[in-house]
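Asks: Just the structure for this:
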Amino acid sequence: MQNPFVWHDLATTDVEAAKAFYHKVVGWNFSPQSPGYEVALVGQLGVGGIMELPPHLRGMAPFWSGYVFTPDVDAACKRVKELGGTVHREPWDIPGTIRMAVIADPGGAVLHIMQPLSKEERTWPAEGAPGTVGWNELHAADLDEAWDFYFGMFGWTKGYAHHMGEKLGVYQIFQIDGKDIGGMMRKMDEMPRPVWFHYFMVDGIDAAAARVREAGGQVAMGPHEVPGGQWILQAIDPQGGYFCLLSNTK
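Replies: Numbering: from 1, shown residues only. Below you'll find the model as predicted:
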């Protein structure tokens with residue numbers, strides 16, 4: 001298996017307010033896993049979480065993080081450095097659960113890598129179900145440099161490349177085991193830094209946009225249709241966390 005995204009979580013300034021917002025907008029229920037960490041549930045199955053911003057990050061805006069599976073976090077961190085990336089936090093354990101690290105690609109886009117410590121088989125929600133993550137998208141400092149890094153790190157392969165015009169350049173779809181799973185593009189100049197965006201599945205993009213506004217969030221971009229017939233929007237939650245939604249229907 002090429003290394004997939006397997007988890008996503010939000011670090012925020014107000015966990016209870018964020019839970020209420022994402023319950024209304026995305027439909028997640030929540031279950032406490034450990035003090036300060038709430039697991040987001042699709043049905044009875046965890047897909048991510050919400051936690052308070054750690055003390056050393058206080059003052060930052062809330063942010064979502066993606067976690068990529070690796071069979072060996074320590075070996076992966078060595079490879080990060082060999083490929084020109086940065087290890088922001090060396091591997092550590094959540095006892096009995098996962099071993100993880102925080103890394104960045106050569107352009108500075110941050111993500112987590114994780115290695116399960118339990119041998120227990122996990123059950124995941126049906127692919128494309130509301131509340132699951134349907135797409136992961138990198139806005140890179142340099143698209144070619146980023147591609148070389150992620151191919152070397154995780155073995156992702158190229159899918160279709162769509163040219164979006166002179167300003168936006170190429171949108172490169174990447175695949176895991178031959179399936180389209182996300183995309184990469186050069187970030188727009190007005191974006192302050194390279195970043196990963198994660199798109200949560202909803203049923204009907206217009207209704208989801210209305211829920212964002214009703215729950216106190218802002219729609220920052222969209223809704224609009226993307227190649228392939230799906231619909232997306234990008235939004236900001238009431239605490240300032242940037243997130244994205246994806247739907248198969250308008």
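Asks: Low-confidence bits of this structure, can you list those?
Replies: Low-confidence segments of the chain (pLDDT under 70): 1.
Asks: Now do the helices in it.
Replies: 15-25, 73-82, 143-154, 205-214 (DSSP state H).
Asks: Going by contacts, tell me the helices and strands next to the second one.
Replies: Right, the one you point to is helix 73-82. Applying 3 or more C-beta pairs under 8 Å, 6 or more residues apart in numbering; DSSP states H and E, one finds that helix 73-82 contacts strand 86-94, strand 98-104, strand 110-116, helix 143-154. (Glycine included, C-beta is placed from N, CA and C.)
Asks: of the ones you listed, which approaches L246 most closely?
Replies: Shortest distance between L246 and these, using C-beta to C-beta, is found for strand 110-116: 18.8 Å.
Asks: about what we covered before: okay, the helices of the chain in TSV with mean neighbour count next?
Replies: Output for the helices of the chain, formatted as TSV (neighbours: other C-beta atoms under 10 Å):
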stretch	mean neighbour count
helix 15-25	19
helix 73-82	16
helix 143-154	18
helix 205-214	17
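Asks: TSV for those helices, including distance to Q44?
Replies: What follows is these, written out as TSV (distance: least, C-beta to C-beta, whole Å):
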stretch	distance to Q44
helix 15-25	15
helix 73-82	28
helix 143-154	29
helix 205-214	23
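Asks: V219 is nearest to which of the helices and strands packed on helix 73-82?
Replies: Here strand 110-116 is closest among the helices and strands packed on helix 73-82 (C-beta to C-beta), at 24.7 Å.
Asks: List the buried residues in that closest one.
Replies: Across strand 110-116, burial judged by 16 or more other C-beta atoms under 10 Å covers V110, L111, H112, I113, M114, Q115.
Asks: List of residues touching that strand?
Replies: 6-7, 65-73, 76-77, 88, 97-105, 122, 195-196 (C-beta atoms under 8 Å, 6 or more residues apart in numbering).
Asks: 7 Å instead, please
Replies: With C-beta atoms under 7 Å, 6 or more residues apart in numbering as the test, strand 110-116 has contacts from 6-7, 65-73, 76, 88, 98-104, 196.
Asks: and if you look at stretch 200-215?
Replies: 21, 24-26, 128-134, 219, 223, 231, 233, 235, 243, 245-247, 249-250.
Asks: Put the buried members of those residues into a ChimeraX selection.
Replies: Here is the ChimeraX command that selects the buried residues among the contacts of stretch 200-215 (16+ other C-beta under 10 Å):
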select :21,25,26,129,130,131,132,133,134,219,223,231,233,235,243,245,246,247
